[in-house]
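> Predicted coordinates and the sequence they were generated for:
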Amino acid sequence: MDFLAPEAIAQLAILGFVFFMLLNSAAIMVYVERKVAARIQQRMGPTLVGPAGMLQPLADIIKLAMKEYLQPKSADPILFALAPIISAAAAFTAFAVVPFGAETTFFGLLDRPVPLQVADVNVAILWVFAVTSMGVYGIVLAGYSSNSKYSLLGALRSSAQMISYELSYGMAIAAVILLANTMSIRGIVEAQSGGFLDTTRWFLWLQPIGFFIFMTAGVAETNRAPFDFPEAEQELVAGYHTEYSSMSFAMFFLAEYINMVTVSAIATNLYLGGWNGPFLDDLGVGWIWFLLKLSFLLFFYVWMRWTLPRYRYDQLMAFGWKFLLPLSVINLLVTAAGVLYFAG
Amino acid sequence: MAELNHYLILSGVLFTIGTAGVLLRRNLITVLLSIEVMLNAVNLTFIAFGHFLGSSDGQIIVFFVITVAAAEAAVGLALVIALFRHVETLNPDAFRQLRG
Amino acid sequence: MPVNLILFYVFAAIAVITTLLVVVQSNPVYSVLLLIGSFIGLAGLYVLLNAPFVAVIQIIVYAGAIMVLFLFVVMLLNAPREEVVQSNLIDASGTRAIGGLLAIAFAAELAWALTRSRGLAVSAPDERASYSVAAIGQRIFQEYAFAFEATSILILVAMVGAVTLASRHSGKR
């Protein structure tokens, strides 16, 4: 392998760029969340730091970095330090296979087109699923190693919720794989291209229920409202990250926001056509459409958090097992029947 | 290229470690984990042979072995929980009531 | 040294070292986590052996679901940690040494037996088509259909059995 070939440098540049942008996206989401929450609640939100409060995340990060790192005396030191690392690492790794643009030559700088993605894997969807399952361990270990009642309860509830909703998540993905006939996310996006204004072949129109299931399960997977009972302040102090402070706490939050971004990015690629859209895709800047759709889904996440009341834990589990899972199985069966009938 | 023998020796070593764990450890959970280790060593053998013989049979059989291991782990852990409720310990030497 | 060989040694080292630590560790939570590390090493080896699908399935099912179950049970049965630590010490003093020696002898015997087969095609006829997920799926649902149905019944039985065994029904056993 020629390590100084332009493609290799482009690949490394994309890697660095994705990492950097994921970190930025977490910071931007912090700001967006606080501003949108404020506006929904008819107040102003952060306005002091920087123009319209835009440097607020920077202030938050500096504050968090300067806090003292506390560890309970009876906590398990290795696991206590390891848990946020696992959470954050899983969150970043899941995004590694998500493509955000068509193959591009960077306006002619390269000889061969390079896909806008960190790694192009044939079983990309399963990779995301696998790494998301690994993220559960960060939470479980955080709760266990803190050696505190609230943390353990919060962690067990949170991880039980995550593994319950993984089933519906997987079935919704399976239905999309049936439609696209490939497991590579790039292939799924390319199967949605074409049609009037590049929008009529989105899987959203073919699978509205699937999209609903995916988004609901995604919200539950990332422990966001209305499924954030395990980390609700009024219930369990703060759930699994009660005992964490400063940068470990920041890493948990980073992991949560990046999981949100990953779920939204995959929903964009699977259901909303990824970077397909009128006009811009032909000019080679389809990633602008990707960003727009991603931003809409992230706004939807924040909107849901500050509008809907929280599910109680048993309601949450009943919803996942007794409603969402049968619905996703039926969705899969109907999709399979449809594919067999219309294309078989 | 790593040859077939490399993989077979590796899986033999893993299998031995698992067997040693099952026979020597006095903690029910660790015994169950060692059984999983043994199953994994067997999986590696299957896939190695599947690759070097050029057929996908190895992968398919591993698919089923993983499923069976999941079922066995679930039932094994349920048994451990039920046993723990009677005698508050995980030491298999404590369950001697059926000895003749 | 070709990259594949280096990667093989890296993943093999990860697998062997973590597996050894699984068996030696006294804290069961550490054992479970080290076994997850072992699974990740093995998944890397599967990818090297042209089986990416099985590698990902191993991470999803084994490392992502079965080990979570183990971890839940270990946390649920959090017997006072001292008792868990004590219960793995073996009473007779020489047992572990003899056990270790026998294990090494067993490993040597396995290695000798397994490497005696010389009649295999060492270089793989690389039929990449037969490794794709579509091909595997077709074979599972055609040739191995009975095994597939049997394992689904097995999982159902295991689920019912596990729930029954672990449920609290006082006076029933």
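Structure received.

> For residue A:248, give its distance to residue A:82.
10 Å (Cβ to Cβ, to the nearest Å). For glycine as for every other residue, the C-beta is placed from the backbone atoms N, C-alpha and C.

> Compare those two and say which is more crowded by neighbours.
residue A:248 (24 against 18; other Cβ atoms under 10 Å in any protein chain shown).

> Could you check how many residues crowd around residue 99?
Here I'm looking at chain A. By the criterion of other Cβ under 10 Å, residue A:99 has 26 neighbours.

> that's the wrong chain, I meant chain C
Residue C:99 has 16 nearby residues by other Cβ under 10 Å.

> And for residue C:2?
Residue C:2 has 9 nearby residues by other Cβ under 10 Å.

> Check residue B:12 too.
23.

> For residue B:64, give me the pLDDT.
You'll see residue B:64 listed with a pLDDT of 93.

> Now do the same contact list for it.
C:144, C:147, C:148, C:151 (Cβ atoms under 8 Å, 6 or more residues apart in numbering or on different chains).

> Ok, residue C:73 next?
Residue C:73 sits next to B:29, B:77, B:80, B:81 when contact means Cβ under 8 Å, 6+ apart.

> let's see 6 Å
residue B:77 (Cβ atoms under 6 Å, 6 or more residues apart in numbering or on different chains).

> Which element, helix or strand, includes it?
helix C:67-76 (DSSP states H and E).

> For the chain, name the helix or strand with the lowest mean pLDDT.
Looking at chain A here, since you left the chain open. Of all helical and strand segments in chain A, the minimum by mean pLDDT, DSSP states H and E falls on helix A:233-236, at a mean of 57.

> Wait, chain C was what I had in mind.
helix C:81-86 (a mean of 44).

> Secondary structure element holding the residue nearest the centre of chain C?
In chain C, the centroid-proximal residue (Cα atoms, centre = their mean) is residue C:39; its distance is 6.4 Å. Element membership for residue C:39 (DSSP H and E) is helix C:28-48.

> Please see if that helix touches chain B.
Yes - Helix C:28-48 comes into contact with chain B (Cβ under 6 Å from any Cβ of the partner chain), by way of C:28, C:31, C:35, C:42, C:46.

> all helices of the stretch 51-200 of chain A, in order?
Applying DSSP state H, counting those that start in this stretch to the stretch 51-200 of chain A gives helices spanning A:56-66, A:77-94, A:124-145, A:149-180, A:185-190.

> Tell me the buried residues in the fourth one?
Meaning helix A:149-180. Buried residues in helix A:149-180, counted by 16 or more other Cβ atoms under 10 Å in any protein chain shown: A:150-177, A:179-180.

> Please compute how far it lies from its chain's middle.
Relative to its parent chain, helix A:149-180 has a centroid offset of 13 Å by Cα atoms, centre = their mean, to the nearest Å.

> Can you name every helix or strand that that helix contacts?
On a contact count with 3 or more Cβ pairs under 6 Å, 6 or more residues apart in numbering or on different chains; DSSP states H and E, helix A:149-180 meets helix A:124-145, helix A:208-221, helix A:325-343.

> ok so, going back, alpha carbons only: can I get the helix holding residue C:39 in PDB?
What follows is helix C:28-48, C-alpha atoms only, in PDB (Å, rounded to 0.1, in the frame of the first residue of the first chain):
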ATOM      1  CA  PRO C  28     -16.300 -12.500  37.900                       C
ATOM      2  CA  VAL C  29     -17.100  -9.100  36.500                       C
ATOM      3  CA  TYR C  30     -13.500  -8.800  35.200                       C
ATOM      4  CA  SER C  31     -13.800 -12.300  33.800                       C
ATOM      5  CA  VAL C  32     -16.800 -11.300  31.800                       C
ATOM      6  CA  LEU C  33     -15.200  -8.200  30.400                       C
ATOM      7  CA  LEU C  34     -12.000 -10.000  29.500                       C
ATOM      8  CA  LEU C  35     -14.100 -12.600  27.700                       C
ATOM      9  CA  ILE C  36     -15.600  -9.800  25.700                       C
ATOM     10  CA  GLY C  37     -12.100  -8.800  24.800                       C
ATOM     11  CA  SER C  38     -11.500 -12.400  23.700                       C
ATOM     12  CA  PHE C  39     -14.500 -12.300  21.500                       C
ATOM     13  CA  ILE C  40     -13.300  -9.100  19.900                       C
ATOM     14  CA  GLY C  41      -9.900 -10.800  19.200                       C
ATOM     15  CA  LEU C  42     -11.700 -13.800  17.700                       C
ATOM     16  CA  ALA C  43     -13.900 -11.600  15.600                       C
ATOM     17  CA  GLY C  44     -10.800 -10.000  14.200                       C
ATOM     18  CA  LEU C  45      -9.500 -13.500  13.300                       C
ATOM     19  CA  TYR C  46     -12.800 -14.300  11.600                       C
ATOM     20  CA  VAL C  47     -12.500 -11.200   9.500                       C
ATOM     21  CA  LEU C  48      -9.000 -12.400   8.500                       C
END
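
> So which bits of it are buried?
So for helix C:28-48, counting by 16+ other Cβ under 10 Å, buried means C:28-48.

> Can you name the residues in contact with stretch A:140-152?
Under the contact criterion Cβ under 6 Å, 6+ apart, stretch A:140-152 has outside partners A:72, A:74-76, A:79-80, A:83, A:154-155, A:159, A:236-237, A:240, A:242-243, C:71, C:75.

> How far does that stretch stretch from one end to the other?
8 Å (Cα to Cα, to the nearest Å).

> hmm, back to that, nearest to residue A:295, of the helices and strands packed on helix A:149-180?
helix A:208-221 (15.1 Å; Cβ to Cβ).

> Show me what the helix holding residue C:39 is packed up against.
Against helix C:28-48 (3+ Cβ pairs under 6 Å, 6+ apart) you get helix B:28-53, helix C:3-24, helix C:52-57, helix C:67-76.

> Can you confirm whether the shortest one lies near chain B?
Yes - applying Cβ under 6 Å from any Cβ, one finds that helix C:52-57 is in contact with chain B at residue C:54.

> Mind exporting the C-alpha coordinates of that helix to PDB?
Below are the C-alpha coordinates for helix C:52-57, written out as PDB (Å, rounded to 0.1, in the frame of the first residue of the first chain):
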ATOM      1  CA  PRO C  52     -17.000 -10.800   8.200                       C
ATOM      2  CA  PHE C  53     -20.700 -11.800   8.600                       C
ATOM      3  CA  VAL C  54     -19.900 -14.300  11.300                       C
ATOM      4  CA  ALA C  55     -17.500 -11.900  13.000                       C
ATOM      5  CA  VAL C  56     -20.300  -9.300  13.300                       C
ATOM      6  CA  ILE C  57     -22.800 -11.800  14.300                       C
END
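
> Please compute how far that helix lies from its chain's middle.
So, by Cα atoms, centre = their mean, the centroid of helix C:52-57 is 14 Å from its chain's centroid.

> State the pLDDT value of residue 62.
Answering for chain A, as no chain was given. On the pLDDT scale, residue A:62 gets 87.

> oops, chain C please
For residue C:62, the model assigns a pLDDT of 92.

> same check, this time on residue C:127
Value listed for residue C:127 in the pLDDT field: 51.

> Summarise which helices and strands the helix or strand hosting residue A:253 is packed against.
According to DSSP H and E, residue A:253 maps onto helix A:246-270. With contacts taken as 3+ Cβ pairs under 6 Å, 6+ apart, helix A:246-270 sits against helix A:6-40, helix A:77-94, helix A:185-190, helix A:287-307.

> Looking at the ones you listed, spot the one closest to chain C.
Closest approach to chain C among these is made by helix A:77-94 (7.1 Å; Cβ to the nearest Cβ).

> neighbours around the residue of chain B found nearest chain A, how many?
Closest residue of chain B to chain A, Cβ to the nearest Cβ: residue B:59 (12.4 Å). Residue B:59 is flanked by 29 other residues according to other Cβ under 10 Å.

> Chain A contacts on chain B?
So chain B never meets chain A (Cβ under 6 Å from any Cβ).

> Poorly predicted segments of chain B, please.
B:1-2, B:100 (pLDDT under 70).

> Check chain C too.
Those would be C:1, C:79-93, C:117-130, C:169-173, if you go by pLDDT under 70 across chain C.
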